[in-house]
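[1] the sequence and its predicted three-dimensional model are supplied below.
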Amino acid sequence: MKNKFAKTQLSEKVKNTKFAKQILKGETNMIKKVAIITNGGDCPGLNAVIRAIVKTAETHGVECYGYIEGYKGLLENNYIKLESNGSASGLLHRGGTVIGASNSTNLFNYPVEENGEKVYKDMSYKAVENVKEAGFDCIFTLGGDGTQKSARDFTLRGLNIIGVPKTIDNDVAHSEITFGYNTAVSVATEALDRLHSTAESHHRIMTLEVMGRYAGWIALESAIAGGADAAIIPEIPYDIDKIVEKINKRKEEGKKFSIIVVSEGAKPKDGDITVKKTLDDGKGLDNIRLGGIGEKLARDLEELTGMVARNTTLGYVQRGGTPTAFDRVLSTKYGTKAMELALEGKFNTLVTLKNGKLDSVPLEDVVGNNKEIGARSGGTESTSIKRVTMDDDLVKVARNLDICLGD
Ligand code: F6P
């Protein structure tokens with residue numbers, strides 16, 4: 001059916017675009033108002049995605065808003081107008097997110113106080129009501145697996161959603177690469193370069209603990225980029241003797257130092273992950289905070305090799321600050337594609353890259369078997385996080401280079 005409002009709404013600038021023609025022919029939705037949410041941990045490239053969505057929206061005569069502090073903003077009905085010559089100006093190179101993020105906000109299982117006690121309630125209906133009242137035709141959810149799990153759950157409550165895969169960990173299912181990952185790998189690689197010279201000067205073992213709760217992408221790729229001797233990842237529970245063997249072999253070859261990169265989620269083959277803190281209620285999206293495996297590995301290696309070992313935990317520098325050129329371009333591609341999908345009415349999808357080309361998949365596929373509304377995400381057996389597989393090129397490259405993977 002022809003869209004009778006469309007002609008008057010289209011500005012001169014967009015009258016001849018592909019979407020304008022589709023709208024005039026009634027082949028697509030005429031969306032007017034959209035909003036962005038940045039949820040979960042922050043990540044380099046979030047602002048670049050926001051900028052790209054806003055600019056593409058403006059090109060097509062669509063108003064763009066940003067919810068403040070992720071899903072919390074939906075509940076609190078807290079949003080601001082985003083304009084390329086206003087609040088969304090100067091964003092391309094900026095780290096963090098100008099609209100704020102909230103971690104572990106699951107509105108389907110949200111802590112509220114009742115009679116002085118903390119109880120968990122499904123607050124999603126209130127959030128949906130807020131979105132409908134505000135008149136948003138589509139919500140863009142910029143986030144990792146937890147965020148996209150909630151996004152899919154909101155689609156079942158009737159919202160139009162398009163997800164954009166964010167996380168430095170690069171572990172969102174069905175997405176070839178998440179924005180922020182390249183920056184994190186670059187930071188880890190620079191750290192490895194710096195550790196090399198001090199390790200060599202002091203004849204030490206250096207362990208570098210990087211992020212990656214369930215997937216070892218950052219550790220593996222930075223180990224290759226930074227010339228590390230071992231990469232210990234969650235997907236391969238490690239045998240300490242194999243790492244010792246590698247260090248001793250290097251010693252025999254006259255190399256008196258060794259560099260080991262380890263993911264925070266790595267564990268020994270006969271042990272468990274190293275937990276820094278268990279969050280008291282245990283009911284958040286991710287109820288454990290990891291950390292400490294780098295220290296543990298350094299201690300164990302010192303004992304077993306007789307060499308001096310030191311650990312560096314890279315922490316939040318991996319996800320703070322300015323995105324690399326690669327991430328700026330990737331974020332911009334993702335942002336423009338997300339808005340294109342909205343203009344085409346292809347809701348309830350996640351923007352992806354497939355064989356290097358922009359594409360999309362249903363959010364339903366992204367949550368895998370974790371179908372239950374409001375269920376926890378992250379590290380449950382049913383979540384479909386993208387882990388390193390043993391036939392991945394990076395694994396083959398590492399093995400060919402004799403980088404020890406702890407097995
Ligand atoms: O962004 C993902 C991640 O970097 C994980 O690797 C890490 O465990 C987590 O965020 C920590 O984030 P926060 O302390 O903000 O919960």
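    On my side now, so go ahead.
[2] is it true that Glu83 touches Ile53?
    No - Glu83 lies out of contact with Ile53 (C-beta atoms under 8 Å); the separation is 11.9 Å. C-beta here means a position set from N, CA and C on the backbone, and glycine is covered the same way.
[3] common neighbours of the two, please.
    Cys64 (C-beta atoms under 8 Å, 6 or more residues apart in numbering).
[4] ok, the two, which is more surrounded?
    Comparing Glu83 with Ile53 by other C-beta atoms under 10 Å, the one with more neighbours is Ile53, at 31 against 16.
[5] that one reaches Thr332, doesn't it?
    No - the pair Ile53 / Thr332 is not scored as a contact, 9.8 Å apart, by C-beta under 8 Å.
[6] give the contact list for the residue of the stretch 101-250 of the chain found nearest the ligand.
    Here the stretch 101-250 of the chain gets closest to the ligand at one residue, Met211, 3.4 Å apart by C-beta to the nearest ligand atom. Applying C-beta under 8 Å, 6+ apart, we find Met211 in contact with Ile168, Asp169, Ala184, Ile218, Ser263, Glu264, Leu314, Gly315, Gln318, Arg319.
[7] can you report how many residues lie near the closest residue to Ile37 other than its chain neighbours?
    Spatially, and ignoring its direct neighbours in sequence, Ile37 is nearest to Tyr67 (4.8 Å; C-beta to C-beta, 6 or more residues apart in numbering). The local packing of Tyr67 (other C-beta under 10 Å) involves 31 other residues.
[8] what's the weakest-modelled helix or strand in this structure?
    The helix or strand of the chain with the poorest confidence is helix 6-9; it has a mean of 47 (mean pLDDT, DSSP states H and E).
[9] who in the protein is up against the ligand?
    Contact residues, the chain versus the ligand (C-beta under 6 Å from any ligand atom): Gly41, Asn103, Thr167, Ile168, Asp169, Met211, Gly212, Arg213, Glu264, Leu290, Arg319.
[10] adding pLDDT and secondary structure, write those out as JSON lines.
    Shown next, in JSON lines, are those (pLDDT from 0 to 100; DSSP: H, G, I helix; E, B strand; the rest coil):
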{"residue": "Gly41", "pLDDT": "91", "secondary structure": "coil"}
{"residue": "Asn103", "pLDDT": "80", "secondary structure": "coil"}
{"residue": "Thr167", "pLDDT": "96", "secondary structure": "coil"}
{"residue": "Ile168", "pLDDT": "97", "secondary structure": "coil"}
{"residue": "Asp169", "pLDDT": "96", "secondary structure": "coil"}
{"residue": "Met211", "pLDDT": "97", "secondary structure": "coil"}
{"residue": "Gly212", "pLDDT": "96", "secondary structure": "coil"}
{"residue": "Arg213", "pLDDT": "92", "secondary structure": "coil"}
{"residue": "Glu264", "pLDDT": "97", "secondary structure": "coil"}
{"residue": "Leu290", "pLDDT": "89", "secondary structure": "strand"}
{"residue": "Arg319", "pLDDT": "96", "secondary structure": "coil"}
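[11] picking that back up, wait, the residue nearest to Ile37 touches Leu75, no?
    No - Tyr67 lies out of contact with Leu75 (C-beta under 8 Å); the separation is 9.5 Å.
[12] what sits against Ala127?
    Ala127 neighbours (C-beta under 8 Å, 6+ apart): Tyr71, Leu74, Leu75, Leu107, Phe154.
[13] these: which two are farthest apart?
    Distance extremes for the contacts of Ala127: the farthest pair is Leu75 and Phe154 at 11.8 Å, using C-beta to C-beta.
[14] ok, the two, which is more surrounded?
    Per other C-beta under 10 Å, whichever of Leu75 and Phe154 has more neighbours is Phe154, with 25 against 19.
[15] got a pLDDT number for that one?
    Note on Phe154: pLDDT of 97.
[16] same check, this time on Val397
    So Val397 comes in at 98 (pLDDT).
[17] that one against Ala223, yeah?
    No - taking contacts as C-beta under 8 Å, Val397 lies outside contact range of Ala223: 9.9 Å.
[18] okay, these two: which has more neighbours?
    Between Val397 and Ala223, counted using other C-beta under 10 Å, Ala223 has the larger neighbour count: 33 against 14.
[19] need phi/psi at the more buried one.
    Note on Ala223: backbone dihedrals following degrees, to the nearest 10 are phi -60, psi -40.
[20] is the closest residue to it other than its chain neighbours part of a helix or strand, or is it coil?
    Using C-beta to C-beta, 6+ apart and skipping the chain neighbours, the partner closest in space to Ala223 is Ala231 (3.6 Å). Here Ala231 is recorded as strand under DSSP: H, G, I helix; E, B strand; the rest coil.
[21] on that earlier part again, and of the contacts of Ala127, the nearest to Ala57?
    Leu74 (18.9 Å).
[22] just send the contacts of Met211 back as a markdown table, with distance to Lys242 too.
    What follows is the contacts of Met211, written out as a markdown table (distance: C-beta to C-beta, whole Å):
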| residue | distance to Lys242 |
| --- | --- |
| Ile168 | 27 |
| Asp169 | 25 |
| Ala184 | 26 |
| Ile218 | 21 |
| Ser263 | 16 |
| Glu264 | 20 |
| Leu314 | 23 |
| Gly315 | 27 |
| Gln318 | 26 |
| Arg319 | 30 |
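[23] of those residues, grab the buried ones for ChimeraX.
    To isolate the buried ones among those in ChimeraX, judged by 16 or more other C-beta atoms under 10 Å, type:
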select :168,169,184,218,263,264,314,318,319
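[24] now what about the helix of greatest length in the chain, what contacts it?
    When the chain is parsed with DSSP state H, its longest helix is helix 181-202. Here helix 181-202 makes contact (C-beta under 8 Å, 6+ apart) with 44-45, 167-170, 204-206, 208, 210-211, 217-219, 221-223, 225-228, 256-259, 261, 308, 312, 314, 317-319, 321-324, 326-327, 330.
[25] average pLDDT across the helix or strand that it is followed by?
    Per DSSP states H and E, the first helix or strand lying C-terminal to helix 181-202 is strand 204-210. Strand 204-210 shows a mean pLDDT of 98.
[26] so what strands line up beside strand 204-210?
    strand 258-263 (parallel), strand 308-313 (parallel) (DSSP bridges).
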